[in-house]
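> Next one to model:
(chains A and B)
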Amino acid sequence: MSGQALPLEITDLRTTLFTRRGEMKAVDGLSLSVGAGETVALVGESGCGKSLSALSVMRLLPDPPARIVGGQVKLNGRDIVPLPEEAMLGIRGKEIGMIFQDPISSLNPVTTVEKQIVEVLMTHTELGRGQARVRAHELLELVGMPDAARRLDAYPHQLSGGMCQRVVIAMAIACSPSVLIADEPTTALDVTVQAQVLALLKKLQADAGMAMIFITHDLGVVAETADRVVVMYAGRKVEEASVDELFENPLHPYTVGLIGATPTPGAERAERLADIPGMVPPLNALPQGCAFAPRCKRVMDRCLTEKPALTVPGPGRLVACFAAQGG
Amino acid sequence: MAGELVSPTPALRGSARRTAALRLLRRRLIQAVPLMLGVVIINFCLIQMAPGSFLELMTAENQVSDPATVALLRKTYGLDDPVWMQLLKYIWALLHFDFGFSYRQNMPVIQAIWIHLPATVLLMVSSIALAVSIGVAAGVVASMKVRTFWDSLVSIAAMFFYAAPSFWLGIMMIVLFSVKLGWLPVGGMMKIGGASSGTWAGVLDILRHLILPTLALGLFYAAIYTRVMRSSMLEVAQLDFVRTARAKGLSRNKVTIHHVLRNALLPVVTILGVQMGTVLAGSVVIESVFSWPGVGSLLFDSVSSRNYPVVLSIMVLGSLVVIAANIAVDLIYMWLDPRIEIR
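This is a model prediction of the structure:
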C-alpha cells in the first residue's frame, strides 16, 4: 500500500450494546478498508451488525445502549473514534455522507426538499442562502430528479419513494464527501426504481471517486454494485473476497448458504431454494465456538469449542472457518 | 428520469395553500351552523328544566306580590307562551343579534356581556400564552435532559400543577403572595381609586392584578402541555429523519429546534383546540376566586340570580368562541404540517 492514506480504514472495531440482559458484542473486531472509487459491500442477515458498524463509523450510535469500546476508524488517515462530538459535527455530512433505508421517513415531513438540502450546504460550506439554493437545484438535477426546479418546493409526502431517495442522496453528496455509506438504500424501493438508484449511485461514485460502503442483504444488488464483499455473521467478519471470487467460489458455509438462498433467473422452477436452517443466535447467547456452528452443514467438533480466526486462503481473500481451511 | 412515478399531488405553493385554507375555513363555518343551533336548543332546554325562574327571584327581591303586576311581568317576558314557542322566539331573536334584556343590570344582555368581555379575554389569552410557553419550554428541556435531575424536577412540578385544583391553587397563592408576603393584590382587576386604565400606571396596575389569576388558571394547562410536549419530543427524536439530520452534521440543538420541535408541536396544538372550552369554564371558577370582573363572574352571578337571558347568551357566545378557536387551530395545524390538506 502506498503512502497515500485510504479514505476509510476500519481496524478491529468493537461496538458493544450495554443492556439489562448483559453486554452484547454487536460488532466484534471488524476490520475493513475501502479505497477511493471502490465499493465494498457489507452483507449479512438482519442483526449481524452491518448497520451498527455503519453507525459506529458515523459515531451516531444510540448511546445508551451502544458504545464503541475499541478499535480505530481512520478517515483519510485520521482516527475519528477518539474525536469529541464537536469535531464529528464537521465530519458528518462533509467527509462522510450517509444514505438510509427508508427514504420517505428519512426526510423531515414538515420541511421542503430545498430547505433540507440547503441546511447541509449552509452547515458545511461558506455559501450564502441564495447560493445554497442555486446549488440545491443543481444537486437535484445531478441526482436525476425529474422536474427538479418544481420539486424544490415540494414536501416529502408529495414525492415518490424513489424521488425521496434521490433527495437523500443529494444531501449525502452535497459537500463532496470522500466516503459514502449506503445502508440498504434500495431495500424499500420498487425493483425498477432500485435499478435506477443503483445506477445513479455508481455513476456519482465514479465521477467523484468516492469510497463507498454498501450495506445490503440482497446478493443480487451486491453482484451489481460491489468491487469487494465482506460477509458478516453475528458481529464478526466471516469472509472477504472480490465480488467475482465470492460468487464463483464461496468458502464460508454461511456465504454458500446465502448464495444458495438467492433465486437465480435461469434456474429450474422445480429446484427448491436452499435455506439456512435456524436463526442468527442472540448476541448475548453466542455459542462458545464458531457462532455459525449450530446452523452449519459442515460443522466439526472443533467448531463447537474454538472460534475460528481469519485466515488467508488466497490473494485478497479472507475466511474464518475451520472447514474451509481443510480442518 | 423516465419511468419514475410522478407524484400524485403536485407541490402546493403559497397561493394553492391559501386557497386550501380558505376552503377549509368555509367548510368549518358551514358546519358551525347546525352545531350552534344544537347548542342553543340544548342550553335552552337545560334552563327550562332548572328549578326556579328569574321572575320569582325578581318579584321576591323587589317585594312585588300584586298578582296583576306579576301577570303583567309574565306577559312582558313571554313566560305564558308554550316552551317551544319561547324557544322559536329566542332563536328568531338570536338571528337578529338580539340576546334579550337583563333586568339585573337594567341593560341589554349583549351590553352586559360586552362590558365584562375584555377582562375575560385578557385572562384567557394570558393564561393560554403562559400555558403554551411554559409547557413547550419545560417539555423541551425535560426531553433534552431525559432521565436526569431536571427531567424529574419538571415531571414532579407538572404532576403537582396537574393534580392541584385551580381554585385551591388560587386561594393558596392569595394566602402566600397577597396576604403573607403582600407582593400582589388579593383580587379585582384594578386598584380602587387608582390610576385610570388609559395611563401607564393603570396598565401596570392591571398587569399586577393579572399575575395570580393567570398563574392559577394557566399552570394546570402548562402541566398538561409539558407532559404532552415531553413525550412528543421523545417520540419524534426516535424517527428516521432525525437521524438523517444528525448524519448531515447538524448540532444537537439545531436538530432539536429545526427538526424535532416543529413536528412535536402538533399534538400540543391539537389539545389546545380541544381544551379551549375547558379554559373558558375554568375561568368562571378563577374569576370568582379572584373577583375578576369578567364574563365568568357575570355568569356566576347570573346563575345565582336566575338571570337566564344572560346565562343562555354566555353559553351561546362561549360555544361560538370554542368553535372559532377550533377553526383557528385547524388553520394553524395546516400551516405547521403540510401533509394535512383539506378533509
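
> Just the strands from the stretch 51-200 of chain A, written as ranges.
A:66-75, A:78-79, A:96-99, A:179-183 (DSSP state E, counting those that start in this stretch).

> who does the longest one touch, helix- and strand-wise?
What that stands for is strand A:66-75. Using 3 or more Cβ pairs under 8 Å, 6 or more residues apart in numbering or on different chains; DSSP states H and E as the contact criterion, the elements in contact with strand A:66-75 are strand A:8-19, strand A:22-34, helix A:50-58. Heads up, the C-betas are built off the backbone N, CA and C, glycines and all.

> give me phi/psi at the residue of the stretch 201-327 of chain A at minimum distance from chain B?
Nearest residue of the stretch 201-327 of chain A to chain B (Cβ to the nearest Cβ) works out as residue A:203 at 12.0 Å. Backbone torsions of residue A:203, given as degrees, to the nearest 10, read phi -70, psi -50.

> quick one: pLDDT of it?
Listed pLDDT for residue A:203 reads 92.

> Using CSV, write down the CA coordinates of stretch B:327-338.
C-alpha atoms of stretch B:327-338 as CSV (Å, rounded to 0.1, in the frame of the first residue of the first chain):
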residue,chain,number,x,y,z
ILE,B,327,-61.2,26.7,13.3
ALA,B,328,-58.1,28.7,14.2
VAL,B,329,-56.4,25.6,15.4
ASP,B,330,-57.2,23.8,12.2
LEU,B,331,-55.6,26.6,10.2
ILE,B,332,-52.5,26.6,12.5
TYR,B,333,-52.3,22.8,12.0
MET,B,334,-52.4,23.2,8.3
TRP,B,335,-49.6,25.7,8.4
LEU,B,336,-47.5,23.5,10.7
ASP,B,337,-48.0,20.3,8.9
PRO,B,338,-48.0,20.4,5.1
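
> Quickly check: that stretch near chain A or not.
Yes - Stretch B:327-338 comes into contact with chain A (Cβ under 8 Å from any Cβ of the partner chain), by way of B:336-338.

> Repeat that for stretch B:139-151.
No - Stretch B:139-151 stays clear of chain A (Cβ under 8 Å from any Cβ), getting no nearer than 9.7 Å.

> neighbouring contacts of that stretch?
B:154-155, B:225-230, B:232-234, B:237, B:252, B:256, B:261, B:264, B:268 (Cβ atoms under 8 Å, 6 or more residues apart in numbering or on different chains).

> Which of those residues are buried, as a PyMOL select command?
The PyMOL command for the buried members of these (criterion: 16 or more other Cβ atoms under 10 Å in any protein chain shown) is given here:
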select buried, chain B and resi 154+155+225+226+227+228+229+230+232+233+234+237+256+261+264+268
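
> For chain B, give the residue positioned nearest to chain A.
residue B:249 (3.5 Å).

> OK, contacts around the closest residue to that residue other than its chain neighbours?
Nearest residue to residue B:249, sequence neighbours excluded (Cβ to Cβ, 6 or more residues apart in numbering or on different chains): residue A:93, at 3.5 Å. Residue A:93 sits next to A:120, A:123-124, A:171-172, A:174-175, A:177, B:247-250 when contact means Cβ under 8 Å, 6+ apart.

> that older thread, the residue of the stretch 201-327 of chain A closest to chain B: neighbouring residues, count only.
Counted with other Cβ atoms under 10 Å in any protein chain shown, the neighbours of residue A:203 add up to 13.

> for the one 4 residues further on, same thing?
Other residues near residue A:207 come to 11 when the count uses other Cβ under 10 Å.

> what about it, helix or strand, and which?
helix A:191-208 (DSSP states H and E).

> again, but for residue A:258
Residue-wise, residue A:258 maps onto helix A:253-260 under DSSP H and E.

> Report the contact partners of residue B:56.
residue B:306.

> What mean pLDDT does the stretch of helix or strand it belongs to get?
Remark: residue B:56 resides in helix B:54-61, with elements defined by DSSP H and E. Helix B:54-61 shows a mean pLDDT of 77.

> buried sites along that helix?
B:54-55, B:57-59.

> next structured bit after that helix?
helix B:67-76.

> Give the next helix or strand downstream of that following helix.
That would be, after helix B:67-76 and using DSSP H and E, helix B:83-95.

> which residues are in contact with that next one?
In contact with helix B:83-95 (Cβ under 8 Å, 6+ apart) are residues B:37, B:40-41, B:44-45, B:48, B:78-79, B:81, B:99-100, B:312, B:316.

> What helices and strands are in contact with the helix or strand just after it?
Sequence order places strand B:101-102 as the next helix or strand after helix B:83-95, per DSSP H and E. Packing partners of strand B:101-102 (3+ Cβ pairs under 8 Å, 6+ apart): strand B:107-108, helix B:109-144, helix B:308-336.

> now the last one, how far from the chain's geometric center?
Average the C-alpha atoms of helix B:308-336, do the same for its chain, and the two points are 8 Å apart (Cα atoms, centre = their mean, to the nearest Å).
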